[in-house]
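Student: From the sequence below, what's the structure:
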Amino acid sequence: MGKLEDFIPYKLSVVANRVSQSIGRLFESRFNIQMTEWRIIMALYAYGDLVFNEVVDRTSMDKARVSRAQRRLVDLGLIRAYGDPADRRKVILSLVPEGARICENLLPEAARREAWFLAVLDEHEHRQLDLILDKLMKRSLEL
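Tutor: So this is what the prediction gives:
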């Protein structure tokens, strides 16, 4: 392996953390929501109502983090959490109109930041990166 900087999981982690922190600062300053909360409302925006465990799976966050973020989002009036009528053990999370409005405001800015970040790649490199990341994401499900 050699130096830590040559270890691919380390590089992936550093890049992901730097990008997430940059986007997170924007979301916190403009909308008073943290990155974990943003990931939840974006999952609900993309997929519609989700059972709590589906949110955990879709966001790849642990249950404790999702639970804390869920409570704060409910307190902020951005999502609704209610018991599943078919199975009271399950909690369904639902985006409310204010939460959807925030998503719609965040998406263009997130797209601008992504475009700026990826502008160092040419079109071929961008396609390759996308393919490689898709493969690695799929492989990571086996971990």
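
Student: Distance of Gln56 relative to Gly2?
Tutor: That one is not Gln; residue 56 is Val. Plainly put, Val56 is 35 Å away from Gly2 if you go by Cβ to Cβ, to the nearest Å. Any C-beta I mention is one placed from the backbone N, CA and C, and that applies to glycine too.

Student: For the two, work out which one has more neighbours and name it.
Tutor: Using other Cβ atoms under 10 Å, the more surrounded residue of Val56 and Gly2 is Val56, with 19 against 6.

Student: quick one: contacts for that one?
Tutor: For Val56, the contacting residues are Asp62, Lys63, Val66, by Cβ atoms under 8 Å, 6 or more residues apart in numbering.

Student: among those residues, who's most crowded?
Tutor: Going by other Cβ under 10 Å, Val66 tops the contacts of Val56 with 23 neighbours.

Student: element containing it?
Tutor: helix 63-75 (DSSP states H and E).

Student: Show me where this structure dips below the pLDDT cut-off.
Tutor: 1 (pLDDT under 70).
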